[in-house]
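Peer 1: Need a 3D model of the sequence below.
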Amino acid sequence: MKLSQFKFDLPEKFIAQEPLATRHESRLLVVHRKERRIEHKMFKDVLDIFDEDDLFVVNNTRVFTARMYGQKEKTGAKIEVFLLRELNHDLRLWDVLVDPARKIRVGNKLYFGDDDLVAEVVDNTTSRGRTIRFLFDGTDEEFSNVVKKLGETPIPKYITRGVKEEDEHWYQSLFAKNVGAVAAPAAQLHITRELQMRMDIKGIKFAEVTLHLGLGAFREVEVEDLTKHKMDSEYYRIEQEACDLVNETISSKKRVVAVGGSVMRALESSVSSMGTLNVGEGWTDKFLFPPKGFHIADAFITNLHQPESPLFMMACAYTEHKFMTEVYQEAMKEDYRFLCYGDAMLIL
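Peer 2: Here you go, the predicted model:
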């Protein structure tokens, strides 16, 4: 398929700038693939939709303070540095994006805070991409604390109000434990402690996988021929416990629910030829767009996404392109809230 087939107009008024006070009170657009029909519910209604021994697979990645602001040596120019991933732990080498990029060249030094942290640019990777080395002699814990102090929650730029203190909590999943993401697994932000407890009581199970979200699912697709688009690689890990839960659910003919695109990518990166889940760890650049097939998940929970984005394409692949385009038009007609702080969609 072509990039232009995923274009639609998304007025800014639909982009949620803050989450609801009670996250499980978000709206839930339920999409029935086979019957090609939709229902309008609330996220907490998953309690009525799913049964005992159904399995929700969630991502336990944790977002860190990836957006930092430094000053260029000599000129003092303000530079945004967005940490993407650590390339070499011992050398403190990082893959980053810088803005404005035209001012940053190999050999430049950047100063953060009151010279709490200094970095040197060692390579150009893309038009905005750089490899930098932090010049820091302290322990790993001390380095992490400095980054946390100097950085801010990396909420997306489509949230135009600026970062609030509350974003540190709002932009973190209930299941967050393994640090490494620069974007939140938005679909599971709707799962509150209260809702999880009620799901536990009903006998709905949870399995955890790890996929550290980079900018892969959010970076703009620039080629019309989607087969030529290259996703950024993201680290994932699926352990034996999660495999056992998923495969037992499949064998007992209960439902496996992928909560978010990052979970779907992790599952599809470690599927066996028998349609079961394998233990796996590594880097995935899996790009799920029509007419790609899916092998593990019986249901998919996702938010409402931007036009021409890999996440919108994944929703189209899991259903059918024309029908999903109609679903999105219905969502706007019904004033659903889009993107990471918005409402959710359940595809059955």
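
Peer 1: how close does Lys177 get to Thr284?
Peer 2: Distance of Lys177 to Thr284, given as CB to CB, to the nearest Å: 20 Å. Every residue, glycine included, has its C-beta placed from N, CA and C.

Peer 1: more neighbours, those two?
Peer 2: Taking neighbours as other CB atoms under 10 Å, Lys177 and Thr284 compare with Thr284 leading, 19 against 10.

Peer 1: can you count the residues close to the nearest residue to that one once chain neighbours are set aside?
Peer 2: Excluding the flanking residues, the one nearest Thr284 by CB to CB, 6 or more residues apart in numbering is Ser269, at 4.0 Å. Around Ser269 there are 19 other residues, counting by other CB under 10 Å.

Peer 1: can you tell me which residues contact Ser269?
Peer 2: 236, 280, 282, 284, 286 (CB atoms under 8 Å, 6 or more residues apart in numbering).

Peer 1: Count the residues that sit near the closest residue to Lys72 other than its chain neighbours.
Peer 2: Nearest non-adjacent residue to Lys72, counting by CB to CB, 6+ apart: Ile79, 5.6 Å away. Counted by other CB under 10 Å, the residues lying close to Ile79 total 21.

Peer 1: helix, strand or coil for Ile79?
Peer 2: Assigned by DSSP: H, G, I helix; E, B strand; the rest coil, the conformation of Ile79 is strand.

Peer 1: hang on, it packs against Ala101?
Peer 2: No - between Ile79 and Ala101 there is no contact under CB atoms under 8 Å: 9.1 Å.

Peer 1: Check the gap between Leu215 and Asp244 for me.
Peer 2: 32 Å.

Peer 1: Which one's more surrounded, those two?
Peer 2: Leu215 (19 against 13).

Peer 1: OK, contacts around the more buried one?
Peer 2: 84, 97, 182-183, 232.

Peer 1: Adding pLDDT, write those out as JSON lines.
Peer 2: Formatted as JSON lines, the contacts of Leu215 follow (pLDDT from 0 to 100):
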{"residue": "Leu84", "pLDDT": "92"}
{"residue": "Leu97", "pLDDT": "92"}
{"residue": "Val182", "pLDDT": "95"}
{"residue": "Ala183", "pLDDT": "95"}
{"residue": "Asp232", "pLDDT": "88"}
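
Peer 1: Mind checking which of those residues are in strands?
Peer 2: Counted as lying in strands by DSSP state E, out of these, are 84, 97.

Peer 1: now, the most widely separated pair of the contacts of Leu215?
Peer 2: By the measure CB to CB, Leu97 and Ala183 form the most distant pair in these, at 12.8 Å.

Peer 1: State the distance from the nearest residue to Gly280 once chain neighbours are set aside to Lys41.
Peer 2: Ranked by CB to CB, 6+ apart and with sequence neighbours excluded, the top spatial neighbour of Gly280 is Ser270, at 3.4 Å. Using CB to CB, Ser270 is found at 31 Å from Lys41.

Peer 1: more crowded one of those two?
Peer 2: The residue with more neighbours, out of Ser270 and Lys41, is Ser270; 24 against 16, by other CB under 10 Å.

Peer 1: mind showing which ranges of the stretch 1-150 of the chain have poor pLDDT?
Peer 2: Nowhere does the stretch 1-150 of the chain drop to pLDDT under 70.

Peer 1: Do you have the strands of it handy? List them.
Peer 2: Along the stretch 1-150 of the chain, counting by DSSP state E, counting those that start in this stretch, strands occupy 27-32, 37-42, 55-59, 61-63, 67-72, 78-88, 93-99, 109-112, 117-124, 129-134.

Peer 1: tell me which residues of the fourth one are tucked away?
Peer 2: To tie it back to what came earlier, the one meant is strand 61-63. For strand 61-63, a neighbour-count test (16 or more other CB atoms under 10 Å) marks 61-63 as buried.

Peer 1: So what's the gap between stretch 268-279 and the chain middle?
Peer 2: 21 Å (CA atoms, centre = their mean, to the nearest Å).

Peer 1: Then stretch 294-307?
Peer 2: Stretch 294-307 sits 12 Å away from the centroid of its parent chain (CA atoms, centre = their mean).

Peer 1: Stretch 227-237 now?
Peer 2: The mean C-alpha position of stretch 227-237 is separated from the chain mean by 13 Å, CA atoms, centre = their mean.

Peer 1: Just the buried positions in that stretch, please.
Peer 2: 229, 231-232, 234-237.

Peer 1: so Asn59 bridges to which residues?
Peer 2: Note on Asn59: beta-bridge partners Val209, judged by DSSP bridges.

Peer 1: Wait, it touches Gln172, no?
Peer 2: No - checked against CB under 8 Å, the pair Asn59 and Gln172 is beyond contact range at 11.8 Å.
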